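Asks: please find the sequence and the predicted model below.
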Amino acid sequence: MRPTITCTACGTVLGVPQGGMPKDGLSCNWCGYINLPSSELAPTSKPGTSRPTPVAVAGPAAPVPAEEQAMRHRWADDEDDNGLPYVLPPDEVKTRKCQECGKDIDLLAVVCVHCGFDAAAKTKAERTYQPIDRTWEAGWPFERRLAVFLVFQAMNLLTLVITLAGGEGLPVTMFGVVFAVALQAFVLGTYESLRIRRNKKGQAEITTTWRVGFIPRPAKKVTWREHEGVAFGHYDPTGLSDWWIFLILLPWFIIPAILWWWFVIRADRFFAALARDRGYPETYLYRGMSEPQAKEVCQVTTDVTGLPLVTPL
C-alpha cells in the first residue's frame, strides 16, 4: 500500500511519491502547504502562495461551575439556549433591589419608596403618617335608629295599657307586645358599619361589623392587600319581586305602597368597593343611597391603603 501523510495545514491526506519523501518537502495539492519531512521544522509555503490559518482543534470542554449548572433549566440543549437566565445589558438596567426589603426601586434612588431604607446612610428612615380612624354606618346612624326604636316602645306601652283597660287577657297581650318589640328591633337595629384605620407607622386596617337587633357581632377584617384598586359606581338592585310587592300593597295599603316605591324602587344607590381584575368590584365597603358617603369611603380608602382609584368619582 502506498504510504500517505496528512497535511499539517488543512488535514488533506497526501500520497508519498515512490521515491520517498522529497527533501524540500511535499506540496499539498489542496492548500499549497509544503509539508517538510522533518517534524521539527515549521511548514513553509511556496513563493506567491498565501498560507491560510490552521484550523484549531477543539479541546475538552471546561468544567461548568456547580452554581451555574444549578441555574440552568433542563431544556438547555443548544448554543442558542444555554439554560442561563437572560441578563439585560448594563445600559438597559433601570431598577435595582433594595438592600432592606428586596423590592425593585429606581437605579439612582437613594431612599427606598417601600420601606424607607437610606442606601447612603445605611439606616432606615422612620416615616410617620397622619392617624386616621373613620366609621360609616349603612343608612341611619345608630343614634337615630335607637331614638326611633324608643319611640316605638313608648307606643307599645301605650297600646298595652289600652288593651288591658279594654279587658283583654294579659298573656295574649304580652305575646303580641314581645313579638312587636322583637320585630322592631330587627328592622331598625340590623345594619352594617365600616371602620377604616391607619396608625402613625402607616399600618392600615379595614373592618366591617354587623349589628343584629342592635347587638354587634364580631368585627370582620377585610383583606385589602389582595385587591388592585378602589371602585365607585351606581347600581340598581330593583327586581321583579320589588315590583310585585308594590302591586300587592297598592290596592290595600296606599301609604306603605308609596313609601315602598320611594325608598326601594325609585331611589338611586351607590357603592364603594375594593376591585380586582381591571376594576371589577369584588368586596363592597359601602352600598346605599348616599352618593357623598360612597365617594368619601373611596377617598379615605385610597388615602389609607395606597390603592389606586380605578373609576372616576
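Replies: In hand now; what should we look at?
Asks: only C-alpha atoms from now on, for both contacts and neighbour counts.
Replies: Will do.
Asks: what's near enough to touch the closest residue to Gly116 other than its chain neighbours?
Replies: The shortest distance from Gly116 to any non-neighbouring residue, by CA to CA, 6 or more residues apart in numbering, is to Ala125 (5.1 Å). Taking CA atoms under 8 Å, 6 or more residues apart in numbering, we find Ala125 in contact with Gly116, Phe117, Asp118.
Asks: kindly indicate which of the residues you listed lies nearest Phe152.
Replies: The closest of these to Phe152 turns out to be Gly116 (CA to CA; 56.5 Å).
Asks: kindly reformat the contacts of Ala125 as JSON lines containing distance to Trp140 and neighbour count.
Replies: Listed next are the contacts of Ala125 as JSON lines, based on distance: CA to CA, whole Å; neighbours: other CA atoms under 10 Å:
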{"residue": "Gly116", "distance to Trp140": "42", "neighbour count": "17"}
{"residue": "Phe117", "distance to Trp140": "46", "neighbour count": "20"}
{"residue": "Asp118", "distance to Trp140": "48", "neighbour count": "18"}
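Asks: pick out the lowest-pLDDT one from the residues you listed.
Replies: Minimum pLDDT for the contacts of Ala125 is recorded at Gly116 (79).
Asks: so it versus Thr305, what's the distance?
Replies: Separation of Gly116 from Thr305 (CA to CA, to the nearest Å): 17 Å.
Asks: cool, Val222 as well?
Replies: Noted for Val222: a distance of 12 Å to Thr305, by CA to CA.
Asks: in terms of packing, which of these two has more residues around it?
Replies: Using other CA atoms under 10 Å, the more surrounded residue of Val222 and Thr305 is Thr305, with 20 against 16.
Asks: for the closest residue to the more buried one other than its chain neighbours, list each beta-bridge partner.
Replies: Of all residues not flanking Thr305 in the chain, Ala204 sits nearest, at 6.1 Å (CA to CA, 6+ apart). Counting by DSSP bridges, Ala204 forms beta bridges with Arg198.
Asks: give the contact list for Ala204.
Replies: Ile196, Arg197, Arg198, Val304, Thr305.
Asks: could you do Asp104 as well?
Replies: Residues near Asp104 by CA under 8 Å, 6+ apart: Thr95, Arg96, Lys97, Cys98.
Asks: for Thr305, see how far away the last one is.
Replies: Relative to Thr305, Cys98 is positioned 22 Å away (criterion: CA to CA).
Asks: cool, and Arg225?
Replies: According to CA to CA, Arg225 stands 8 Å off from Thr305.
Asks: same question for Arg211.
Replies: Distance, Arg211 to Thr305, using CA to CA: 26 Å.
Asks: can you check Leu14 too?
Replies: In terms of CA to CA, Leu14 sits 83 Å off from Thr305.
Asks: report the mean per-residue pLDDT for the strand or helix carrying Ala231.
Replies: If you go by DSSP states H and E, Ala231 is part of strand 229-235. The pLDDT scores in strand 229-235 average 90.
Asks: before we move on, what about stretch 132-147?
Replies: Across stretch 132-147, the average pLDDT comes to 92.
Asks: could you list the domains of the chain?
Replies: 1-46, 93-127 (automatic domain parsing).
Asks: helices of the stretch 1-150 of the chain, start to end?
Replies: Secondary structure of the stretch 1-150 of the chain by DSSP state H, counting those that start in this stretch: the helices cover 66-71, 142-165.
Asks: nearest to Phe246, of these?
Replies: Phe246 lies closest, by CA to CA, to one member of the helices of the stretch 1-150 of the chain: helix 142-165, at 24.6 Å.
Asks: immediately after the closest one, which helix or strand?
Replies: Following helix 142-165 in sequence order, the next helix or strand is helix 170-189 (DSSP H and E).
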